[in-house]
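Q: 3D model of this:
(4 chains)
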Number of protein chains: 4
Amino acid sequence: MNSFGRFFKVSIFGESHGPSVGITIDGVPAGLPLQEEDFTVDIERRKGGQQKGTTPRKEDDIPIFVTGIYNNKTTGAPLTILFENKNTRSGDYEKQRAVPRPGHADFVAHQKFGGFEDFRGGGHFSGRLTVCLVAAGVVAKKILSSISIEASILEIGGEKDIEAGLQKAINAKDSIGGIVECRATGLPAGLGEPFFDSVESLISHAAFSIPAIKGIEFGAGFAAAHMFGSVHNDAIINERGDTRTNYAGGIIGGISTGNELVFRVAVKPTSSTPKEQESWNWETKSVETFSVKGRHDLCIALRVPPVLEAVTAMVLADLMLIEHRTLRVLE
Amino acid sequence: MNSFGRFFKVSIFGESHGPSVGITIDGVPAGLPLQEEDFTVDIERRKGGQQKGTTPRKEDDIPIFVTGIYNNKTTGAPLTILFENKNTRSGDYEKQRAVPRPGHADFVAHQKFGGFEDFRGGGHFSGRLTVCLVAAGVVAKKILSSISIEASILEIGGEKDIEAGLQKAINAKDSIGGIVECRATGLPAGLGEPFFDSVESLISHAAFSIPAIKGIEFGAGFAAAHMFGSVHNDAIINERGDTRTNYAGGIIGGISTGNELVFRVAVKPTSSTPKEQESWNWETKSVETFSVKGRHDLCIALRVPPVLEAVTAMVLADLMLIEHRTLRVLE
Amino acid sequence: MNSFGRFFKVSIFGESHGPSVGITIDGVPAGLPLQEEDFTVDIERRKGGQQKGTTPRKEDDIPIFVTGIYNNKTTGAPLTILFENKNTRSGDYEKQRAVPRPGHADFVAHQKFGGFEDFRGGGHFSGRLTVCLVAAGVVAKKILSSISIEASILEIGGEKDIEAGLQKAINAKDSIGGIVECRATGLPAGLGEPFFDSVESLISHAAFSIPAIKGIEFGAGFAAAHMFGSVHNDAIINERGDTRTNYAGGIIGGISTGNELVFRVAVKPTSSTPKEQESWNWETKSVETFSVKGRHDLCIALRVPPVLEAVTAMVLADLMLIEHRTLRVLE
Amino acid sequence: MNSFGRFFKVSIFGESHGPSVGITIDGVPAGLPLQEEDFTVDIERRKGGQQKGTTPRKEDDIPIFVTGIYNNKTTGAPLTILFENKNTRSGDYEKQRAVPRPGHADFVAHQKFGGFEDFRGGGHFSGRLTVCLVAAGVVAKKILSSISIEASILEIGGEKDIEAGLQKAINAKDSIGGIVECRATGLPAGLGEPFFDSVESLISHAAFSIPAIKGIEFGAGFAAAHMFGSVHNDAIINERGDTRTNYAGGIIGGISTGNELVFRVAVKPTSSTPKEQESWNWETKSVETFSVKGRHDLCIALRVPPVLEAVTAMVLADLMLIEHRTLRVLE
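A: All right, here's what the predicted structure looks like:
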């Protein structure tokens, strides 16, 4: 479904080329100061068009507060925020209707919604909706005032030197994947709910909602698969639960240990590549060669960090509201 | 929470050393034939004590049908299945109460439940509860009669030769991690629910409920992070949506493509290792060296395959009931 | 929470004097024809200002489709509809801030949201939001094409002659309550989910969300409390389950019988009455006499029928999507 | 579904003539003292066989704690409680299989579950399951230590003199209905969640899960339908929100006011009546006259009070855990 969270509960809606995309957040405590400027930094970080390898589609992305705010404070009622889609060029997509683009949701959307889906720009499957996640993340971060969340690019195309990885793609006239790491400090021990709502379960659930994510690992992650237990186990060294190492990535038994939360996601290369590709043509009933037009990112991983922070903040805000029920958002 | 699923909804309960562990499955269609023998194969596969590297704790693990079955068929009412805990030796654990074992949930459980948790054998955090997942998986697989799900060990301790990996651990007198792969064929295209309930989101949510899982990747997974788009994109080659390659692992935009579903999980080394370790002692208020007693697996990854199949079946049954609402379980 | 439903799931948001009120409907099948005109009849029925005893506040109440519709058909993605609040006179309310009006949510909202609530016109508690329910009902009714739902005023102020009941209130310069009955025909047998999601449970849950509802009864309802079993039991007279009488109101064991669904709700008198009243003044810390200003209905029951039909349709659409999974919304 | 509640979440399972009925409660705070004796009073109150007009079926109804308790205290993990069905005489029911009893769930269960339902004694639809609600209520009441909940018979067969009402039924050799009132004191102001989870919505949702309930009204209830606003509005007379009258029944805008919570339910006459009745015979394909055998209550309303208290406690515990997040269950 298009909702996520138990206490800090978001409902997302919208399509790439419809009038607006938006999000409703239910469960925001009353009295939280909130205004347009609070959103600027993260929304700007997410925007394309400012660095090599990102799309030139520019949107103002000014949050429109429809409900839930009065006198620049949250009211405790649902908070709905819209973002207008101004900079759309639907014509680009309509021409390609007969050929489902490889790596895109065109084929599956058609199967699932019987051809009634709004296919323009990926419709409801578009990365455009992640601006709504970023907005929800801004609100969540405000609730998590004592927790700091930071995501950053770890590698592009297998290169730790990000510029080099990106140049590889530019030279190849192709799109490229990457790895993004997220770290959060200041978590209390005890977040996460057994049996099914472990911190890892909830963060991975949310992270895989971000288009293009194909893998996630916590702490040592896949490297743990060839480690010995005596190495991987993090020795507890004091009353507070600090550990000598942090191979667990801050989570044991699905519950936060109070140590730094660390995880990484694998981002596949942008599906839209300038290269020629093959796909089935529904009209001609044959495989055909074509190339994707339109404005696209070469490396969507570059835009993932603020979105990954946002969904992490959403999950942690939810868990904090569940566990630390004494939470005071106002001084 | 201890529940998972929307239509095929499971609620799990129990502790390692309580009288029983169990699971209630709500949403099972009426009229599904179900009897004890249906559970034997998967429950045997999950059991320890039969191969090198697994625990000698032996349980009968005979499913006790408490509700929801009449004349060997499901009734449409909730199906509750219990498994008795017979083979418990709680004394082993009570001695260690003052020292939270590294890599175990001892410390976080104490933080979360204020010392009231049943700590014996890991209590509610114990891998013992996975027998309930296996049982739910048996029921789910029955619903998914046209879908085949198979998980297998891919590597142990970094070795594709599993015996070699295991021997490494035995020689080192240490526990060891591994990688398990799961493949499912026969899925229709169109499973999965945007925006938050993608196939990847739901499977990862369920998979991270299995103790010791620390990473998951779909299709090419982390390898996608250094691939070009023209390579990673799977060319669609016919009306049915078959693709030339399957780097997507059978999921695009969070929705099943109808191609094989492929994913892998990283399993950390068993936290209980015969090696000496350090941890904080709550009583002496100092770091102390100790070694874990009790019966344990050297390589818990060995027991993961049937459990991973089970949670995959749970997710797919739920998605099938949601999407393919015409589902007929009876001929 | 501000969401309701499992499959046909609505999320409501907005305040009486904010820019808009709105609703997001998740789970609408793709391909349902939907346009502005479909909403006209029910929205007009709900409007005040057209008959004796209803408020002169006039709103255009034109549905603004933000998402989920493409080429006048639903897409399968969430459907968000806004209604602008144009005709607001907040000044009326700000003056009364210090005195919580008896029978209104002023006092409890202040307790619950710590004074941060948007109190103007009742804010999120306002009957204004019911226009969103009506909109969701229009969509639900489209799904329930074979089911007919009709609500009507049964009595006002204890009078079956509605005009007489209303005149009583006008003469007394006071507001007045009433009873509304809802009937639905064409239901299949088998709707409703044991144990907790009986038809009665879900309809009453939804009905009590409508401001001013204080009672609900199904079939014979409270009269059943002084009936004999041999009378109340409806004799089944054919294979289809038709019954000779319908004291059950079409529901047995929480499940629809296929007979007519019949229930009634008690609507309290509008809290805003022209009469002088007493309440506590938070500023002067004393009980004071005052009278409510602003534009109000004398008898809110008059506006309840389309809203009651709407929530009934929401519940039935949800149950139909759950039970009759073969539902075809398109011919 | 068979689950209810967000934080204090119950999942119910079982059939009248299966081995056991049971309930799992998720969300119980850790450290709550709990033992068998805590359940005795309410379970005894619910039992039949002790007064005129109730069934002679006797069950021990000793709660079997399967999980979630350690050292006589809750652990924070799910709490599962079973009650064995010992005193069953299934033969009584099997004979009647071809004739769906009027007023019972026989017909609808058959429609819904295709004949696979366990029909013996009403199966999953049996009032037998209410012993599980009572058990959950005992736990909920422990959480609500400062709130007192009391339900009592208000009238039987239209008579305030309960004995007289009952005698009427005995004389008529028929079953009879009644009205039960529930009052709760000590509620804080502010419980209940707009828009859909009002106190009235949640209590009515839960109450209609109790077999035989056909109506509910809060405060003045249906009488409000013929009251003037100036009368029905309860004047607020002090800072704490106490009101001069309590026609609202302690709920305004769906939120608790802090005044006494008052509501009444209409209980239909027991469907099983000694009188001859008519119904359709599925085998002979004709209407036939028959009388119900087996052990039954003449007036099921007599057994409703502890069950109604229980579901009220469940709802209030849930709302307290949601709203008063600082709740301390342990001194």
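Q: Just the C-alpha atoms of the longest helix along chain A, please, in PDB.
A: The residue-count maximum for a helix in chain A (DSSP state H) belongs to helix A:304-323. Presented in PDB, the C-alpha positions along helix A:304-323 are these (Å, rounded to 0.1, in the frame of the first residue of the first chain):
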ATOM      1  CA  VAL A 304      19.800   9.100  -3.200                       C
ATOM      2  CA  PRO A 305      21.500  10.400   0.000                       C
ATOM      3  CA  PRO A 306      18.800  12.900   1.200                       C
ATOM      4  CA  VAL A 307      16.100  10.400   0.300                       C
ATOM      5  CA  LEU A 308      17.800   7.600   2.200                       C
ATOM      6  CA  GLU A 309      18.200   9.900   5.200                       C
ATOM      7  CA  ALA A 310      14.600  10.800   4.900                       C
ATOM      8  CA  VAL A 311      13.200   7.200   5.000                       C
ATOM      9  CA  THR A 312      15.600   6.400   7.800                       C
ATOM     10  CA  ALA A 313      14.300   9.400   9.800                       C
ATOM     11  CA  MET A 314      10.800   8.300   9.100                       C
ATOM     12  CA  VAL A 315      11.500   4.900  10.500                       C
ATOM     13  CA  LEU A 316      13.400   6.200  13.500                       C
ATOM     14  CA  ALA A 317      10.700   8.800  14.300                       C
ATOM     15  CA  ASP A 318       8.100   6.100  14.300                       C
ATOM     16  CA  LEU A 319      10.200   3.800  16.500                       C
ATOM     17  CA  MET A 320      10.900   6.700  18.900                       C
ATOM     18  CA  LEU A 321       7.200   7.500  19.200                       C
ATOM     19  CA  ILE A 322       6.500   3.900  19.800                       C
ATOM     20  CA  GLU A 323       9.300   3.200  22.300                       C
END
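Q: Show me what that helix is packed up against.
A: helix A:37-46, helix A:130-143, strand A:148-156, strand A:178-185, helix A:199-207, strand A:261-267 (3 or more Cβ pairs under 8 Å, 6 or more residues apart in numbering or on different chains; DSSP states H and E). The way it works is simple: take the backbone N, C-alpha and C, and place the C-beta from them, glycine included.
Q: export these to JSON lines and tack on distance to chain D and mean pLDDT?
A: Listed next are those as JSON lines, based on distance: least, Cβ to the nearest Cβ, whole Å; pLDDT from 0 to 100:
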{"stretch": "helix A:37-46", "distance to chain D": "25", "mean pLDDT": "96"}
{"stretch": "helix A:130-143", "distance to chain D": "13", "mean pLDDT": "97"}
{"stretch": "strand A:148-156", "distance to chain D": "23", "mean pLDDT": "97"}
{"stretch": "strand A:178-185", "distance to chain D": "22", "mean pLDDT": "98"}
{"stretch": "helix A:199-207", "distance to chain D": "16", "mean pLDDT": "98"}
{"stretch": "strand A:261-267", "distance to chain D": "22", "mean pLDDT": "98"}
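Q: residues from the stretch 51-200 of chain A in reach of chain C?
A: With Cβ under 8 Å from any Cβ of the partner chain as the criterion, the stretch 51-200 of chain A comes near chain C at residues A:66-68, A:70, A:73-80, A:82, A:112-114, A:116-118, A:123-124.
Q: Any idea how far stretch A:312-327 is from the middle of the chain?
A: Relative to its chain's centre, stretch A:312-327 lies at 18 Å (Cα atoms, centre = their mean, to the nearest Å).
Q: Just the residues contacting that stretch, thanks.
A: Residues outside stretch A:312-327 that contact it (Cβ atoms under 8 Å, 6 or more residues apart in numbering or on different chains): A:4-10, A:27, A:29, A:133, A:136-137, A:139-141, A:143-144, A:147, A:149, A:151, A:182, A:184, A:187-188, A:190-193, A:199, A:202-203, A:206-207, A:256, A:261, B:112, D:321, D:325-327.
Q: where exactly do the helices run in the stretch 1-150 of chain A?
A: A:37-46, A:91-94, A:106-113, A:130-143 (DSSP state H, counting those that start in this stretch).
Q: Next, format those as TSV and append distance to D:Leu316 and mean neighbour count.
A: As requested, the helices of the stretch 1-150 of chain A are exported to TSV (distance: least, Cβ to Cβ, whole Å; neighbours: other Cβ atoms under 10 Å in any protein chain shown):
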stretch	distance to D:Leu316	mean neighbour count
helix A:37-46	37	16
helix A:91-94	53	14
helix A:106-113	42	25
helix A:130-143	26	25
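Q: so how far is D:Asn2 from A:Cys132?
A: When distance is defined by Cβ to Cβ, to the nearest Å, A:Cys132 is 34 Å away from D:Asn2.
Q: Give me the spatial nearest neighbour of A:Thr245, chain neighbours excluded.
A: Excluding its sequence neighbours, the residue lying closest to A:Thr245 (Cβ to Cβ, 6 or more residues apart in numbering or on different chains) is A:Asp234, at 4.8 Å.
Q: now swap in A:Ile203 and tell me
A: In space, and not counting its chain neighbours, A:Ile203 is closest to A:Val315: 5.2 Å by Cβ to Cβ, 6+ apart.
Q: what's the answer for A:Arg128, then?
A: In space, A:Arg128 is closest to A:Ser16, 4.4 Å off (Cβ to Cβ, 6+ apart).
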